[in-house]
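Visitor: Model the following, please.
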Amino acid sequence: MVSKESSPAAEVHGAGPEGMPQDPAEAIHEGMPEGMTEPPRSLASRTEVFPHLPGVYLFKDGDGTVLYVGKARDLRKRVASYFRSTETVSAKTRVLVARASDLEYVVTSTEKEALLLESSLIKKHRPRYNVILRDDKSYPSLRIDLRDPFPRLEVVRRFQKDGALYFGPYPSGYAVRETLKMLNQMFPLRQCRGKKLIPRERPCLNFSMGRCLGACAGKISGEDYRKIVDEVVLFLQGKTDALQQQLRHRMAQAAEALHFEQAAFYRDRLQFIGSMLEKQHIVSDRFMNQDVIGIYQETEGTELAVLFIRQGVIVGQKDFDLKESQGEPEEILTAFIQQYYVEGRYIPDEILIPSEIEAEEVLTEWLSDLKGKRVRIWPVKRGDRRQLLELAEKNARERFASRRRMQQKNLGLLESLQRVLKTPRVPLRMACVDISNIQGQHAVGAIVVFDHGQPDKSSYRAYPIEGKSEPDDPAMMAETLERLFTREPELTASLDLLVLDGGKGQLNRIHRLLQERGMLEQLPLISIAKEREADLGDKGRGFYEKIYLPGRKNPRILSSFPELLHLLQRLRDESHRFAITNYQHLHRHDLLASALDAIPGVGSKRRQLLLQEFGSMGNLQKASLEDLQRLPGISKNLAAGIYEVLKTSGQPEEV
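Guide: Numbers count the residues shown, from 1 in each chain. Sure, this is the predicted structure:
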């Protein structure tokens, strides 16, 4: 039997309603031969009926929760390897097998299809023992479109096959902003936003400050502007020798023509490039774009470091703490490459890895398809590439040790916090609740979680407050926590301490809520309040913090424990930031929706069309006039009206 058209290659057993076959992500073969009414008692014995075919397998616990999803070229051989003697498998594999109560599989036509199905199942189930990249955002890059008569540099986070040139990625927003700032000083291209240059009678302030060439006011010809664009491209491509040669030639020409001011301009640019090159460390004479993946693994966890090498120069690195990710290094590398290099993210010419991986051929084919040209995954054995790999592995090892030291320090702080607050257990996982609203409007309840003293953003939650038009923080906190307790029982059970941003009013209300739900022993509770008037002696008056505990009349003052106080302040401030961000998003969303409703010709159907097309109000606000005009049923005049409203409503913040 074959699945739905969405996955035609996956062979599944079992059917949906009225005999319709299910999607392979839903209908998973139970591993039972025909005629068997009950599964075999031993998981190991199930592998005897697995086929010698490519596919995907899933380990599950007794509650049906998926613990691990894997891909195999030969299902029977791969899954049987988990049940070898304990001496030949890793400790994490033994833990996985011990916790598993069920084993299922899906057969696919090819190994590549198994790779894609595995990826979709991991995204759906987020299994505990799989590699799950918490930081899955795309990194910023620089884009310039040479088809534009007066192109400009812009920061983007997705690579598209649109004919433009892309440079990067950069490891952080700070890195790309600093690079752009340096380029604007050295090559003052236009900085005005918009795909097309809008003519002006007078140039903007950037021209007066020497940060722009004034193309909008005709201060530079298209030919001269193009020369500077070519210089920018040469610099970003790493072809600095050719660029320096060009600048020296132009400087000599300007000096011979007695254009000393222009000659000084080229001289300053040459000096700037020279100073930049001194800061760069060239690690490869091949001048290729490479990603070098180093891995370090211990029983306590796995650390992975990626070095970004562009045109032979290290431009940055990124570290990944894979925590409980299950598997041998080869499996982890395969899963990492599969999740990291997704569509829209930069794919280099070479990916250097420390050892051969089983899926090298299929991953190479997949990445080459995404990039549109051949990509090589290179298991490095010797040579200068090996030196790069050793550098990446050293970074992974040092980062792992640094995390361990930080964890030990944080554990000591949390143990001290337990003694000071007299909580029943060490508060390894703390949650803080805060409310953000203005006079009760667009109220949002936010919950942030710190795990071992560090933010666990995957556990952050935000809930719009319903049915309250007047500000009432204690009642709003109670509503927020009611939703958390009802919707997230596993997250609730994982918490060791609940912190409230507020005073006695908030504490008493939430204490009553915990008492009503019988959770007082399960979830210790405190609140932190900032008092404005404090006598600081010779320094005047200022702020100080009070820590309120249930059943205690007077608050605790932790001024004698500054590190503990700072930890609680970080937790409280993060919850405040997260609450405000979500309030702003909700407020601007409502303003934009109201603005759309006010446009003649935009009713509920057209607003729904706009949201379906662009996915969110934020994406809609970024749409160009041409994007709006392409929509069915949207005339040019109506598109212009919508575009004007979108641009005057302000950009919503990312949540």
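Visitor: Could you use CA atoms for every contact and neighbour count after this?
Guide: Noted.
Visitor: Show me this protein divided up by domain.
Guide: 17-125, 290-400, 429-583, 598-648 (automatic domain parsing).
Visitor: Relative to residue 181, which of those domains is closest?
Guide: domain 290-400 (16.0 Å; Cα to Cα).
Visitor: how far does that closest one stretch from start to finish?
Guide: Domain 290-400 has its terminal residues 23 Å apart, counting by Cα to Cα, to the nearest Å.
Visitor: so how far is residue 562 from residue 425?
Guide: 21 Å.
Visitor: Please apply the same query to residue 625.
Guide: 54 Å.
Visitor: neighbour count winner among the two?
Guide: residue 625 (15 against 10; other Cα atoms under 10 Å).
Visitor: now the nearest residue to residue 400 once chain neighbours are set aside, what's its secondary structure?
Guide: The shortest distance from residue 400 to any residue other than its chain neighbours is 5.7 Å, reached at residue 303 (Cα to Cα, 6 or more residues apart in numbering). Following DSSP: H, G, I helix; E, B strand; the rest coil, we place residue 303 in the strand state.
Visitor: which residues of the stretch 451-600 of the chain fall in strands?
Guide: 454-455, 461-464, 497-501, 525-535, 541-548 (DSSP state E, counting those that start in this stretch).
Visitor: Out of these, which is the most enclosed?
Guide: strand 497-501 (a mean of 23; mean count of other Cα atoms under 10 Å).
Visitor: For that one, which outside residues touch it?
Guide: 427, 429-434, 506-507, 523-529, 572 (Cα atoms under 8 Å, 6 or more residues apart in numbering).
Visitor: in its sheet, what does it sit against?
Guide: Using DSSP bridges, the strands paired with strand 497-501 are strand 429-438 (parallel), strand 525-535 (parallel).
Visitor: Mind putting those into JSON lines with distance to residue 80 and mean pLDDT?
Guide: Shown next, in JSON lines, are the strands paired with strand 497-501 (distance: least, Cα to Cα, whole Å; pLDDT from 0 to 100):
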{"stretch": "strand 429-438", "distance to residue 80": "37", "mean pLDDT": "87"}
{"stretch": "strand 525-535", "distance to residue 80": "48", "mean pLDDT": "75"}
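Visitor: what would those look like in TSV with distance to residue 375?
Guide: Listed next are these as TSV, based on distance: least, Cα to Cα, whole Å:
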stretch	distance to residue 375
strand 429-438	42
strand 525-535	54
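Visitor: What about residue 181, how many residues nearby?
Guide: 14.
Visitor: Distance check, it against residue 153.
Guide: Taking Cα to Cα, one finds residue 181 at 11 Å from residue 153.
Visitor: does the closest residue to residue 462 other than its chain neighbours count as helix, strand or coil?
Guide: Spatial nearest neighbour of residue 462, excluding adjacent residues (Cα to Cα, 6+ apart): residue 446 at 4.4 Å. Recorded secondary structure, residue 446: strand (three-state DSSP).
Visitor: my guess is residue 446 meets residue 461, correct?
Guide: Yes: the criterion here is Cα atoms under 8 Å, and residue 446 meets it with residue 461 at 5.9 Å.
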